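In: whatever this is, show me its structure:
(2 chains)
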Amino acid sequence: MRAFLFDPYQLGFMGRALVEVLLLGTLGAVVGVHVALRRLAFVTDAVQHTVFPGIAIAYAVGWPLLPGAAAAAALTVALLVALTSGRRRVDVDSALALIIASFFAVGVVVVSRRTGYAADLSALLFGRILDVSRAEVIETAVIGGLCLLVLALLHKELVLLALDRTQAAASGLPVRLLDAVLYAVTAATVVVAVRAIGTVLVVAFVVTPAATGRLLARSIPGAMAAAAGVAALLGWIGLSASYEASLHHDVRLAAGATVVVAYTVGFAVAGAGRLLFKRS
Amino acid sequence: MNAVVDSFGQHFFRLALVEAVMVGAVAGAVGVHVLLRRLPFFVVAISHATFPGVVFGSLLGVSLFAGGAVVGVAVALLIVALGALRQVEDSSAIGIVLAGCFAVGVLVLSAQPGASRDLSAFLVGSIVTVNAADLVTTALVGVVLLGVLAAFHKELVLGAFDPGGLTALGYPGRALDTVVLIVVTVALVVCVPAVGTLLAVALLTVPALAARQWTDRVGPMTALAAGLGAGSGVLGLCLSAAFDIAAGGAIALTATALFAVSAGFSRVVASR
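Out: As a prediction, this is how the structure comes out:
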């Protein structure tokens, strides 16, 4: 057990990967409870796809990836607000599908103009958690800390808004501004996570532990704590399992995907427990 | 431009053109039901969730289409079942299944050395490598799907607008819902060889959304969406040949451009 849980992390790159997974897991869990309350899972999914062209273009011209991803995420949120406001015939879901499809297509076209197409594409799609540098871990910690601080300061207002929008507006809260803050925090979370996890699996970090936390605890802070705990524990186990299988059993398991599978199994166990508990 | 003219002389390009027209038309028509029932997130989820099926199909040497279809239908039913849990709202259920299934696909692939090239073909499609057998499969499946939609047209449209009324009239509402989900899933799987799992979402939503800008009536909307889908396929393929870019991306971008034109036009007409 000790060899399974602790030994791999004496290697520098595994230690950094573990810190990154724990940071992202905690951040995703807390943000995720808000996302679940507001039913924003599709927005999260949309942002994770639309940052892809930002990353692809930044990569193609040799810039750092984070500003490219952030610009694409900001553009997505702006487009979403523009397409769905006013008397147009586009509902939120359709607007998101349209944005996803067009942005992702741009990303594919940009990447396909380069040589070494397949390998680059895989790196962008699936992330490279085992390659995170020290500077990137610090970036994650700073941005994640800011996001958590904003959520903590606005906790009461955001929860009221999620549960009773009319009441929130009536008591004088700036409803639109709070919406924008939550979108921005969600987008920032996706952007910092994308580099490590890749553009397709990020949604798992935001949605799955939060859903598990909500199965385990009744109150909102309780669900956040449970979600963060589950995310940290399963992230650790997933990373260890990927290392163990790859090194000792000759089955190469992609690290990010193993963590996501661990999250999903955790959710399935919690859901099954919930069903059994209800029956008895 | 010469590159496009030259391409038409080549056998593989003509095959790709036929595939693009069929896939675009079927996806466009099915897409109208995706819009009516607000299923775009479901489509995104299935597009990712069929991925492990495609991977298993490739590893076992059976048809990718069969693998994707089997897993896709299973996942559609799983989403319906998860949505019945009271603590998990629909969009979270879809998100969990989406990411979980995709991760399984990535894991299985990562355990297979040297698989990353095939992977990209599934993700972004490779329409220029379709063969005659693929065309026959697409044609048959497309006819069946359009046949189902035509046969149940009245019931499906009523169910989309007024599910309570449908049940009150004695129709099996839940069975019809499941039929729509399965039709959408199979249509998605048909698109995969042409544009890949991720851009198939574009063909299943954007042409229908563009057609919606021109008309409120479901029948003409379906015909128009099929036409716009087929048109996106042809134009996108030509653009891809002319500028040497990925065909799947070019087709999706063409569809988006058609939407932008349609939305602009409807705005001009509405402001009169």
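In: how about the residues of the stretch 151-272 of chain B by chain A?
Out: Contacts of the stretch 151-272 of chain B with chain A, taken as CB under 8 Å from any CB of the partner chain, map to B:198-199, B:201-202, B:205-206, B:209, B:212-213, B:244-246, B:248-253, B:255-256, B:259, B:263, B:266. Placement of C-beta: from N, CA and C, glycine included.
In: output the longest helix belonging to the chain.
Out: I'll assume chain A. Secondary structure of chain A read by DSSP state H shows that its longest helix is helix A:220-248.
In: actually chain B
Out: helix B:173-212.
In: in that helix, what's buried?
Out: Using 16 or more other CB atoms under 10 Å in any protein chain shown as the test for burial, helix B:173-212 gives B:173, B:176-177, B:179-212.
In: what is the longest helix of chain A packed up against?
Out: Using 3 or more CB pairs under 8 Å, 6 or more residues apart in numbering or on different chains; DSSP states H and E, the elements in contact with helix A:220-248 are helix A:2-5, helix A:12-37, helix A:202-216, helix A:255-279.
In: give me the mean pLDDT for the last one.
Out: For helix A:255-279, the mean pLDDT works out to 83.
In: for that helix, name the packing helices and strands.
Out: Applying 3+ CB pairs under 8 Å, 6+ apart, we find helix A:255-279 packed against helix A:175-197, helix A:202-216, helix A:220-248, helix B:90-110.
In: what's the offset of it from the middle of its chain?
Out: Counting by CA atoms, centre = their mean, to the nearest Å, helix A:255-279 is centred 18 Å from the centre of its parent chain.
In: list the buried ones in it?
Out: Neighbour counts over helix A:255-279 (16+ other CB under 10 Å) mark A:255-264, A:266-267, A:270-271, A:274 as buried.
In: neighbours around A:Leu37, how many?
Out: Around A:Leu37 there are 19 other residues, counting by other CB atoms under 10 Å in any protein chain shown.
In: so it touches A:Leu163, yeah?
Out: Yes. Using CB atoms under 8 Å, A:Leu37 is in contact with A:Leu163, at 7.3 Å.
In: where does the stretch 101-250 of chain A dip in pLDDT?
Out: Across the stretch 101-250 of chain A, the ranges flagged by pLDDT under 70 are A:113-125, A:250.
In: cutoff 50 now
Out: The model of the stretch 101-250 of chain A has no residue with pLDDT under 50.
In: re the thing from before, quick one: which of the helices and strands packed on helix A:255-279 is nearest B:Ile127?
Out: Closest approach to B:Ile127 among the helices and strands packed on helix A:255-279 (CB to CB): helix B:90-110, 21.2 Å.
In: any idea of the angle the closest one forms with helix A:220-248?
Out: Calculated by axes from the mean of the first three to the mean of the last three CA atoms, to 10 degrees, helix B:90-110 forms an angle of 10 degrees with helix A:220-248.
In: can you give me how far helix B:90-110 is from the chain middle?
Out: 18 Å.
In: then that helix to PDB, C-alphas only?
Out: Output in PDB follows, covering the C-alpha atoms of helix B:90-110 (Å, rounded to 0.1, in the frame of the first residue of the first chain):
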ATOM      1  CA  ASP B  90     -30.000  15.900 -16.300                       C
ATOM      2  CA  SER B  91     -27.100  18.100 -17.400                       C
ATOM      3  CA  SER B  92     -24.800  16.700 -14.700                       C
ATOM      4  CA  ALA B  93     -25.800  13.100 -15.700                       C
ATOM      5  CA  ILE B  94     -24.900  13.900 -19.300                       C
ATOM      6  CA  GLY B  95     -21.500  15.500 -18.300                       C
ATOM      7  CA  ILE B  96     -20.500  12.500 -16.000                       C
ATOM      8  CA  VAL B  97     -21.300   9.900 -18.700                       C
ATOM      9  CA  LEU B  98     -19.600  11.900 -21.400                       C
ATOM     10  CA  ALA B  99     -16.300  12.400 -19.600                       C
ATOM     11  CA  GLY B 100     -16.300   8.900 -18.000                       C
ATOM     12  CA  CYS B 101     -16.900   7.100 -21.400                       C
ATOM     13  CA  PHE B 102     -14.400   9.200 -23.200                       C
ATOM     14  CA  ALA B 103     -11.800   8.500 -20.500                       C
ATOM     15  CA  VAL B 104     -12.400   4.700 -20.900                       C
ATOM     16  CA  GLY B 105     -11.800   5.100 -24.700                       C
ATOM     17  CA  VAL B 106      -8.500   7.000 -24.000                       C
ATOM     18  CA  LEU B 107      -7.400   4.400 -21.500                       C
ATOM     19  CA  VAL B 108      -8.000   1.500 -23.800                       C
ATOM     20  CA  LEU B 109      -6.200   3.300 -26.600                       C
ATOM     21  CA  SER B 110      -3.300   4.300 -24.400                       C
END
